[in-house]
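Participant: What follows is a predicted structure for the sequence shown.
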Amino acid sequence: MQYADVDSSTLDYARRFSGSLGAWLLERQSEVLLQLLTTVRGQQTSSYALLDVGGGHGQIARVFSEKRQPSLTVLGSDSTCSLLLRDLIDSNRVRFEAGDLLQSPFADQSFDVVTCIRLLPHCDEWRMLIRELCRLSKDAVVVDYPPVVSSNVMYPLLFSLKRAAEGNTRTFRIFAHREIDEAFAANGFRRVERVGQFFWPMVLHRVLKSPFLSSLLEKPARALGLQRLLGNPSMALFSRRVV
């Protein structure tokens, strides 16, 4: 049983994304996710079943509940992971299931699309997790992860700054893009697209505490394509079929 999502399903974790800066960070994350899903699903927003694995943080659930996505299920490793989703669950906008993230209670290909955000770098058995994501998905899987080819090359220094800025951050694994691609390929999935979210270290944005200044910093890198190629975290879309 993996409980890597318990920490990210707490109020303490949610506070890291409070205020205007937190909203700005999540807006970029949502923008990239919706862009990737449009690639594989077109403009369909209400006719497919989506599973968010380890999504007790609510960051993805709230994007789709606001769009009235009717088939949204969140899988958490423990019932406590539903805390931040109570309003969505009570209003029947989100279905929550508790179960082993590596051996979930769902049949093969139960969902059209599976998302897994903010979990891979904290999961010791990340290859097993990817295998489970692929088993559950009929069409596509979207994951995010911190890549080596990014500001993470300065991980030791940046992690110390990140801990100082956040106070309660966890250590995390950094991935080579090839590792993720190969893990999905082993389960019959091919990468369709990959997008970096922020060119500059996220800890810098947290220190600045200004969406305006952060946007000014990111704008040139985005215009030059550096944000997309070298950004962190990376969000990647994998599909069973060529798109």
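Facilitator: Okay, I see it.

Participant: who touches the closest residue to Ala176 other than its chain neighbours in this structure?
Facilitator: Leaving aside its sequence neighbours, Ala176 sits nearest to Val148 (C-beta to C-beta, 6 or more residues apart in numbering; 5.3 Å). Where you see a C-beta, it was placed from the backbone N, CA and C, and this is true even at glycine. By C-beta atoms under 8 Å, 6 or more residues apart in numbering, Val148 lies in contact with Ile174, Phe175, Ala176, His177.

Participant: pLDDT value on Val148, please?
Facilitator: With respect to pLDDT, Val148 scores 85.

Participant: Roughly how far does it sit from Glu179?
Facilitator: According to C-beta to C-beta, to the nearest Å, Val148 and Glu179 sit 9 Å apart.

Participant: hmm, back to that, may I ask which two of the contacts of Val148 are separated the most?
Facilitator: Ile174 and His177 (11.0 Å; C-beta to C-beta).

Participant: who touches both of the two?
Facilitator: Common contacts of Ile174 and His177 (C-beta under 8 Å, 6+ apart): Pro147, Val148.

Participant: list the contacts for Leu204?
Facilitator: Leu204 sits next to Ser214, Leu217 when contact means C-beta under 8 Å, 6+ apart.

Participant: Backbone dihedrals for it, both of them.
Facilitator: phi -60, psi -40 (degrees, to the nearest 10).

Participant: how about the helices in this structure?
Facilitator: Remark: helices assigned in the chain by DSSP state H are 11-14, 19-41, 61-66, 86-90, 126-136, 155-166, 177-185, 202-208, 211-223, 226-230.

Participant: List the buried residues for the fourth one?
Facilitator: For helix 86-90, burial by neighbour count (16 or more other C-beta atoms under 10 Å) applies to Leu88.

Participant: next one: the longest one
Facilitator: Buried residues in helix 19-41, counting neighbours by 16+ other C-beta under 10 Å, are found at 21, 24-26, 28-30, 32-33, 36-37, 40-41.

Participant: Output stretch 38-54 as PDB, nothing but the C-alphas.
Facilitator: Written as PDB, here are the backbone C-alpha positions of stretch 38-54 (Å, rounded to 0.1, in the frame of the first residue of the first chain):
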ATOM      1  CA  THR A  38      -7.500  18.800 -25.700                       C
ATOM      2  CA  THR A  39      -4.700  17.100 -27.700                       C
ATOM      3  CA  VAL A  40      -6.100  13.600 -27.000                       C
ATOM      4  CA  ARG A  41      -9.800  14.300 -26.500                       C
ATOM      5  CA  GLY A  42     -10.500  17.200 -28.700                       C
ATOM      6  CA  GLN A  43     -13.100  19.600 -27.400                       C
ATOM      7  CA  GLN A  44     -15.000  16.900 -25.500                       C
ATOM      8  CA  THR A  45     -15.400  18.000 -21.900                       C
ATOM      9  CA  SER A  46     -18.400  16.000 -20.600                       C
ATOM     10  CA  SER A  47     -18.500  12.700 -22.300                       C
ATOM     11  CA  TYR A  48     -15.600  10.800 -20.900                       C
ATOM     12  CA  ALA A  49     -14.700   9.200 -17.600                       C
ATOM     13  CA  LEU A  50     -11.700  10.600 -15.800                       C
ATOM     14  CA  LEU A  51      -9.800   9.200 -12.800                       C
ATOM     15  CA  ASP A  52      -7.500  11.300 -10.700                       C
ATOM     16  CA  VAL A  53      -5.100   9.000  -8.800                       C
ATOM     17  CA  GLY A  54      -3.800  10.500  -5.600                       C
END
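
Participant: Now do the contacts for the closest residue to Gln35 other than its chain neighbours.
Facilitator: In this structure, Gln35 finds its nearest non-sequential neighbour in Val195, 6.9 Å apart by C-beta to C-beta, 6+ apart. By C-beta under 8 Å, 6+ apart, the contact set of Val195 is Val32, Gln35, Leu36, Arg228, Gly231, Ser234, Met235, Ala236.
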